[in-house]
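In: Provided below are the primary sequence and the corresponding predicted coordinates.
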Amino acid sequence: MSESASPLREVRPEDTFDVAAVHAWLVPRVPALDGKPVPSVRQFSGGASNLTYLLDYGDLELVLRRPPHGHKAASAHDMGREVRVQQRLRPHVDVVAQIHGFCEDHSVIGSDFYVMERLRGTVLGRELPEGVDLSAQQARALGETAYDTLADLHSIDVDSAGLADLGRGPGYVRRQVQGWSRRYRDARTDDVPPAEELMAWLAEHQPQDVRASLLHGDWKLDNLVLDLSGTPRITGVLDWEMATVGDPLMDLGASLAYWVTADDDEEFGTVSMQPSTLPGMPTREELVERYLARTGLRPANWTFYEVFGLFRLAVILQQIWARYRSGNSTNPRFATFGSATAVLIERAEALAGCR
């Protein structure tokens, strides 16, 4: 992770944990920590789901991840899934962090957590970090590299990687439509659209699965660790909490919901979370064509995947907004998530012809 894009701050009072207990648990698992004092801890400000902390031992820095406090969806924030995916995937790709330990004993800090190496490089937020400047050529190369890497991830043989058991077999698209619709209804507050027509459209237009691939589940620029010293290069991939096996076009559609470009309308621009508006960045259409050419996939109705991606992102933001509105989170970044949910729902409805 990069301090420039995900600034380190003092740990929020609601997110504190017993540092001494973590240290005592970790020392037997990381021999280099033997004899070292309890680390200083700071919190990464970025991210809107699992909580991430820097454990600073001076000459060694580690990263701890744990779920947030408060209500959470049953299938979300699965630390064990994150760990299994990274451990099994690491021998096959060079962009996965080394896991130092996974703790399921809630007597340590009250939840599951794991500790991993700190991946070095730049992580991009909504704006470029101070001192970072990308030419139009570099911006285009970054966008293309990001989605070439996603295409290659989707092409990994899940059986040989030992990841096939992450999936539940055929019917992934159907389960996703049903599951995200249920989550939206469960998390809906009175200040966001009902979206019933949109959910009915998704149910009516869903295609069959195209194939079973490893899906990252949250592919966006702030989950990529980058070397920007020349032509942009990905040196690490973060946040595997939503990884699974399923239809790769659903993962692509979900990812491109984040890809706001400079020519998009002002309202959609307000939900931008990454610097995809920089001069030179590829359009969504260009990225889709590049991905399809690389994978050989040809969807009969790409609009479905685009609409699904917008709806899915709306549900994610709405779940966080509901938690914030109920007082289970005080992170000021979440204060606009209700209005962002509405923007995404309305855009999805317009694209689907529901409005």
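Out: Noted; the coordinates are in hand.

In: am I right that residue 318 is in a helix?
Out: Yes: following the definition DSSP: H, G, I helix; E, B strand; the rest coil, residue 318 is counted among the residues of a helix.

In: give me the pLDDT for it.
Out: We have a pLDDT of 97 for residue 318.

In: wait, it touches residue 341, no?
Out: Yes: distance between residue 318 and residue 341: 4.4 Å, which falls inside the contact criterion (C-beta atoms under 8 Å). For every residue, glycine as well, the C-beta is placed using N, CA and C.

In: residues shared between the contacts of the two?
Out: Common contacts of residue 318 and residue 341, defined by C-beta atoms under 8 Å, 6 or more residues apart in numbering, comprise residue 192.

In: the two: which is more packed in?
Out: In terms of neighbours (other C-beta atoms under 10 Å), residue 341 is the more surrounded of residue 318 and residue 341; the figures are 29 against 26.

In: what secondary structure does residue 120 sit in?
Out: Using three-state DSSP, the structure places residue 120 in coil.

In: for residue 184, same thing?
Out: Following three-state DSSP, residue 184 is assigned to helix.

In: ok, it - contacts?
Out: The contact partners of residue 184, taken as C-beta under 8 Å, 6+ apart, are 195, 199, 311, 314-315, 318.

In: give me the distance between it and residue 308.
Out: From residue 184 over to residue 308 the distance is 12 Å, taken as C-beta to C-beta, to the nearest Å.

In: can you check residue 282 too?
Out: Shown here: residue 282 relative to residue 308, a distance of 21 Å by C-beta to C-beta.

In: higher neighbour count, these two?
Out: Just comparing residue 282 and residue 308: by other C-beta under 10 Å the higher neighbour count belongs to residue 308, 26 against 21.

In: surely that one meets residue 176?
Out: Yes: at 7.2 Å, residue 308 counts as touching residue 176 under the criterion of C-beta under 8 Å.

In: what is the neighbour count of residue 9?
Out: For residue 9, the number of neighbouring residues by other C-beta under 10 Å comes to 10.

In: and the strands in the stretch 1-150 of the chain?
Out: Shown for the stretch 1-150 of the chain, the strands assigned by DSSP state E, counting those that start in this stretch span residues 8-9, 40-44, 51-56, 61-66, 99-103, 113-117.

In: ok, now the stretch 151-300 of the chain?
Out: If DSSP E, counting those that start in this stretch is used as the criterion, the strands of the stretch 151-300 of the chain fall at 213-215, 224-227, 233-237, 244-246.

In: domains of this protein?
Out: The chain breaks down into these structural domains: 8-117, 136-352 (assignment by automatic domain parsing).

In: give me the distance between the closest residue to residue 32 other than its chain neighbours and residue 338.
Out: Counting by C-beta to C-beta, 6 or more residues apart in numbering, residue 32 lies nearest to residue 60, which is 5.9 Å off, once chain neighbours are set aside. Taken as C-beta to C-beta, the spacing of residue 60 relative to residue 338 amounts to 41 Å.

In: now render the strands of the stretch 1-150 of the chain as a markdown table, adding distance to residue 232 and mean pLDDT.
Out: Conversion of the strands of the stretch 1-150 of the chain to a markdown table gives the following (distance: least, C-beta to C-beta, whole Å; pLDDT from 0 to 100):
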| stretch | distance to residue 232 | mean pLDDT |
| --- | --- | --- |
| strand 8-9 | 23 | 88 |
| strand 40-44 | 22 | 95 |
| strand 51-56 | 23 | 95 |
| strand 61-66 | 22 | 96 |
| strand 99-103 | 26 | 96 |
| strand 113-117 | 22 | 96 |
